[in-house]
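K.L.:
please find the sequence and the predicted model below.
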Amino acid sequence: MHTARIHTEDTLDLRAQQLRPQLRPEQCVFDYDADPTVFHIGAWENHKVVSIASFYRCDNDAIIHLGKVHYRLRAM
């Protein structure tokens, strides 16, 4: 197994299988996927994505004073 940065399109089959089985893969694009700060890491096994970690910017007002960029992790 190895991990690598992947494109949104590489997440769609697994999203459809695990999160939205009633939808076709191309219908499993989330609103935040269009944000240029979003990135995805995929775990590959036998040339197939078997796990995904999606990171999107999500500033936290409680700690914004630290001057850091905050990301939320969504994984499966």
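P.N.:
That came through fine.
K.L.:
what's next to the top strand by length along the chain, contact-wise?
P.N.:
Using DSSP state E, we find that the single longest strand of the chain is strand 48-57. Residues from elsewhere that reach strand 48-57 (C-beta atoms under 8 Å, 6 or more residues apart in numbering): 1, 6, 10-11, 13-15, 32, 35, 37-44, 69-76. (C-beta placed from N, C-alpha, C; glycine too.)
K.L.:
so what touches the following helix or strand past that strand?
P.N.:
Per DSSP states H and E, the first helix or strand lying C-terminal to strand 48-57 is strand 71-75. Residues from elsewhere that reach strand 71-75 (C-beta under 8 Å, 6+ apart): 37, 51, 52, 53, 54, 55, 56, 57, 58.
K.L.:
partners of strand 71-75 in the sheet?
P.N.:
Strand 71-75 pairs in its sheet with strand 48-57 (antiparallel), by DSSP bridges.
K.L.:
show the average pLDDT along the strand it pairs with.
P.N.:
Strand 48-57 comes out with an average pLDDT of 92.
K.L.:
buried sites along it?
P.N.:
In terms of neighbour count (16 or more other C-beta atoms under 10 Å), strand 48-57 has its buried residues at 49, 52, 53, 54, 55, 56.
K.L.:
can I get those residues in CSV with distance to residue 62?
P.N.:
CSV is the format used below for the buried residues of strand 48-57 (distance: C-beta to C-beta, whole Å):
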residue, distance to residue 62
49, 34
52, 28
53, 23
54, 22
55, 19
56, 18
